[in-house]
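Student: Dropping the sequence and predicted coords here.
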Amino acid sequence: MVDWPLRTGWISLEIVIENLAHAIGDLQIIDRLDITIGSGEIVALLGPSGCGKSTLLRLVAGLERPTSGSITMGRHIRAAIVFQDHTLLPWRTAAGNVELPLEHHPISVAERRERVAAVLEQVGIADFADYYPKALSGGMRQRVNLARALVLEPTLLLMDEPLSSLDEQLREILLDDLARLWSERGFTCLYVTHSPDEAVRLGHRVMILSRRPTKIVEVVPIETPIEERSHFHPAIAAARETVWNLVRESRAPCHGT
Ligand SMILES: Nc1ncnc2c1ncn2[C@@H]1O[C@H](COP(=O)(O)OP(=O)(O)OP(=O)(O)O)[C@@H](O)[C@H]1O
């Protein structure tokens with residue numbers, strides 16, 4: 001067993017985004033954005049299509065460098081990204097896909113297998129460990145995708161519309177699972193979505209972004225504990241309506257976009 005980076009326990013962290021601006025060519029995507037994400041906080045990001053949510057996620061992940069401004073976070077951060085469409089290797093089983101990120105770490109095969117089995121259990125697909133992606137339903141594939149991100153014990157989980165390809169029922173189930181996983185693991189999370197429902201079910205704060213160049217239009221704090229939330233919870237239903245209205249306003253057409 002190694003002591004670092006895989007077995008440090010759940011180090012949480014704060015992320016400070018200051019005066020962030022980003023352009024691709026002539027296209028100004030983000031304009032002077034300031035966000036502080038608390039340790040163990042889930043921030044849901046909602047905004048019109050093309051406003052720059054995925055770009056912001058990529059900047060936080062370090063996949064791109066911002067044009068200006070800064071993103072500061074703890075040194076021992078382990079970030080993992082979950083995309084909308086699963087990116088599983090078709091020639092590997094569910095367990096084989098989840099094992100992949102561990103293969104670059106100096107741990108024994110036995111420990112690797114143990115950790116893969118544990119995380120598959122956590123996301124509820126232990127019985128499908130030996131299935132290939134094509135034999136799994138969309139929901140199961142997305143669970144494998146999530147397991148692959150969780151197996152590295154991320155302190156920061158960056159999620160880009162992770163449930164948008166799933167049907168309503170599956171989405172409900174996975175929302176409950178994500179809430180449970182957060183309660184167990186306490187990771188910090190940036191959760192990009194188009195769904196006010198997902199945002200108010202998972203976010204401690206919901207940030208509504210404007211059209212490009214994106215800015216924060218409004219921040220809606222959701223105080224109901226995540227474990228107590230459901231689609232029908234009165235406070236959650238009220239928050240959903242507030243967020244819906246803000247999203248509608250943020251989509252109002254504006255000059256040049
Ligand atoms: N590599 C690139 N080259 C040129 N333009 C890009 C590139 N990546 C993103 N863009 C543009 O930047 C803008 C923001 O894209 P981004 O994917 O971040 O938006 P988004 O808010 O995540 O959109 P959606 O909600 O539709 O997923 C879009 O106008 C997009 O066309």
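Tutor: Nice, thanks for sending it over.
Student: Would you confirm that Glu18 contacts Ser68?
Tutor: No - using C-beta atoms under 8 Å, Glu18 is not in contact with Ser68, being 10.1 Å away. To be clear about C-beta, it is placed using only N, CA and C from the backbone, and glycine gets the same treatment.
Student: so where's this structure shaky on pLDDT?
Tutor: Low-confidence regions of the chain, defined here as pLDDT under 70, cover residues 1-13, 86, 252-257.
Student: Would you map the helices across it?
Tutor: 53-61, 94-99, 109-122, 138-150, 168-185, 196-202, 234-250 (DSSP state H).
Student: Buried deepest among those, which one?
Tutor: Neighbour counts (mean count of other C-beta atoms under 10 Å) averaged over each of the helices of the chain peak at helix 196-202, with a mean of 25.
Student: Alongside the ligand, which residues does the stretch 51-200 of the chain contribute?
Tutor: Taking C-beta under 6 Å from any ligand atom as the criterion, the stretch 51-200 of the chain approaches the ligand at residues Cys51, Gly52, Lys53, Ser54, Thr55.
Student: Would you confirm that the last one contacts Ile29?
Tutor: Yes - A contact is recorded between Thr55 and Ile29 when judged using C-beta under 8 Å, the distance being 5.2 Å.
Student: number of nearby residues for His194?
Tutor: Residues lying near His194 (other C-beta atoms under 10 Å) number 14.
Student: Need the overlap of contacts for Thr55 and Ile29.
Tutor: His22 (C-beta atoms under 8 Å, 6 or more residues apart in numbering).
Student: thinking again about what came up before, got JSON lines for the residues of the stretch 51-200 of the chain next to the ligand, with distance to Val82 too?
Tutor: Output for those, formatted as JSON lines (distance: C-beta to C-beta, whole Å):
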{"residue": "Cys51", "distance to Val82": "20"}
{"residue": "Gly52", "distance to Val82": "19"}
{"residue": "Lys53", "distance to Val82": "14"}
{"residue": "Ser54", "distance to Val82": "12"}
{"residue": "Thr55", "distance to Val82": "17"}
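Student: Ser210: which of those residues is nearest?
Tutor: Of all these, Ser210 sits closest to Cys51, with 6.6 Å by C-beta to C-beta.
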